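Colleague: here is the input, now give the coordinates:
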Amino acid sequence: MSSQVQNRLGFKVRLSKERLVEGLQLVHPVVPKSNIDYVVNGNALLSVGSDGKCFLCATDYTSYIRCFLEDSEHEGHGKALIPVTELQGLLKEMDEAFIDLRFENDSVHIDSVRGSFVLKTESADAFPDQQDISTETMVELDAQVFATNLDKSSIATSSEEGHYAFDSILIEKKGTSLSIVSTDGRRMALAEMKVSKKGGDLHALLSPRVVSHVKRLSLKSSGSIRFGVSGNRAVFDVEHAELQSTIREQGVFPEYRKLLPEKSKGNCFLSRRQLLSASRSLLCILSNHSKSVRFVLGKDQMELVYEGSSTHQGAISVDVESVGSDNDITFNLEYVLDGLQVMEGERITLHLNSQQAPVLWEDENDFRYILAPVFVSGSEVGS
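Modeller: Model prediction:
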């Protein structure tokens, strides 16, 4: 029996309000807000199979998410497209622990103690099916650590849309290492996780929007998340949901390992909190036209000097433990703060080579942030 005929005959499903709300929150960000087409705009698919399994799906044709709704009771089976925002609004005002949804005649009826509501639904016949992807080569990750590393590694993406090389995040598994990396051409952020050697290498170049979906999925998991690749699709799987997303063309991303500077002998060790506080102090007086700050390294101190404005200037020192010669290098302070704010632990290391060479910043959890210096000749001209 087709879903169109089944929907005319009607079906009913009773769901835990808590699970339904959680499912809608998970799929809602994937629901398109722009006019892609009437099938997916503002809608999620609610489906009850003949086996009694109930799930919500949403897609923007780049990503496809499916969330399983456990412990449902049903009469009949079928599927329909439901308006997500309207249903979320109604559920927010309802006190019931369980929600009864009755589908018939292209509408869904929702009854509560204080009233009843009818929302128009759309036929689900044109809704795309989710691809079946083999999970044999998937790698299992700690979901919370993975979400944290996605956050860290996303800071170096470019805000300019359409430049796939610089507004993408690469997730790559090689051997027992999984790397998450981004770069905008001026800096690079790299987080790594140890994983099982099981399966082959994996590569997925993803847009920031897709990465935000992946992070949200990871944060919903109390345990692990599995990651795999099949053809041009990446798949992320947690206990109650699965996300599939289209991978961007791999060839446009820089060969990032060739861009990693070698760890130098001229290391500088310092307190992350102290440097973060000093940087925030100077941020208060930065000009809109100049973000450049000199980092002047001596034996026991590093002085941050701002001279880029005719009206505001400042200098502040932090304690350091330095190995190597003195140095004087200029950075974009906002980029420095981006890195410091996601680093973890108290102690960070700067690997310094020369005034012209990119500097490798490392935290205690081996997060690496590579920042190119700003070159200023004469008066400050901004960065």
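Colleague: mean confidence score for stretch 112-132?
Modeller: Mean pLDDT, computed over stretch 112-132, is 87.
Colleague: gap between the two ends of that stretch?
Modeller: Using Cα to Cα, to the nearest Å, one end of stretch 112-132 lies 38 Å from the other.
Colleague: quick one: contacts of that stretch?
Modeller: For stretch 112-132, contacts defined as Cβ atoms under 8 Å, 6 or more residues apart in numbering pick out 2-4, 7, 38-40, 43, 45, 47, 57, 59, 61, 64, 66, 79-83, 86-87, 90, 94-96, 103, 106-111, 230, 233, 242, 244. C-beta coordinates here come from the backbone N, C-alpha and C atoms, glycine included.
Colleague: got it, and stretch 20-27?
Modeller: Outside of stretch 20-27, the residues within contact range by Cβ under 8 Å, 6+ apart are 44, 55-58, 65, 67, 69, 84, 87-88, 91, 99, 216-217, 220, 241.
Colleague: which among those end up buried?
Modeller: 44, 55-58, 65, 67, 69, 84, 87, 91, 99, 216-217, 220, 241 (16 or more other Cβ atoms under 10 Å).
Colleague: about what we covered before: so of the contacts of stretch 20-27, which ones are in strands?
Modeller: Among the contacts of stretch 20-27, DSSP state E puts 44, 55-58, 65, 67, 69, 99, 241 in strands.
Colleague: so how do I select the buried members of the contacts of stretch 112-132 in PyMOL?
Modeller: Command for PyMOL that selects the buried part of the contacts of stretch 112-132, burial taken from 16+ other Cβ under 10 Å:
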select buried, resi 3+7+39+40+43+45+47+57+59+64+66+79+80+81+82+83+87+94+103+107+108+109+110+230+233+242+244
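Colleague: taking the contacts of stretch 112-132 one by one, which sit in strands?
Modeller: 43, 45, 47, 57, 59, 64, 66, 79-83, 103, 107-111, 230, 233, 242, 244.
Colleague: quick one: low-confidence parts of the stretch 101-250 of the chain?
Modeller: Scanning the stretch 101-250 of the chain for pLDDT under 70 picks out 134-136, 160-165, 250.
Colleague: run the last query once more with 80
Modeller: 130-137, 159-165, 197-199, 250 (pLDDT under 80).
Colleague: strands of that one, start to end?
Modeller: Taking DSSP state E, counting those that start in this stretch as the criterion, the stretch 101-250 of the chain carries its strands at 107-111, 116-120, 139-142, 169-174, 177-183, 187-194, 202-206, 224-230, 233-237, 241-246.
Colleague: among these, which comes closest to Glu334?
Modeller: Relative to Glu334, the nearest member of the strands of the stretch 101-250 of the chain by Cβ to Cβ is strand 187-194, separated by 10.7 Å.
Colleague: strand partners (parallel or antiparallel) of the closest one?
Modeller: Taking DSSP bridges as the criterion, strand 187-194 forms sheet pairs with strand 177-183 (antiparallel), strand 368-371 (antiparallel).
Colleague: in a markdown table: the strands of the stretch 101-250 of the chain, plus distance to Cys284.
Modeller: Formatted as a markdown table, the strands of the stretch 101-250 of the chain follow (distance: least, Cβ to Cβ, whole Å):
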| stretch | distance to Cys284 |
| --- | --- |
| strand 107-111 | 52 |
| strand 116-120 | 50 |
| strand 139-142 | 38 |
| strand 169-174 | 31 |
| strand 177-183 | 28 |
| strand 187-194 | 23 |
| strand 202-206 | 35 |
| strand 224-230 | 39 |
| strand 233-237 | 40 |
| strand 241-246 | 40 |
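Colleague: so which of the ones you listed is nearest Thr148?
Modeller: Across these, Thr148 has its closest neighbour in strand 187-194 (8.1 Å, Cβ to Cβ).
Colleague: buried residues, the closest one. List them.
Modeller: 187-193.
Colleague: next: stretch 166-180.
Modeller: Per 16+ other Cβ under 10 Å, stretch 166-180 contains these buried residues: 166-173, 178-180.
Colleague: looking at those residues, which one is closest to Asn149?
Modeller: Proximity of the buried residues of stretch 166-180 to Asn149 (Cβ to Cβ) peaks at Ile180, which lies at 5.2 Å.
Colleague: residues touching the closest residue in space to the closest one that isn't next to it in sequence, list them.
Modeller: Setting aside the residues directly before and after it, Ile180 is nearest to Ser153 in space (Cβ to Cβ, 6 or more residues apart in numbering), at 4.1 Å. By Cβ under 8 Å, 6+ apart, Ser153 lies in contact with 169, 180-182, 189-191.
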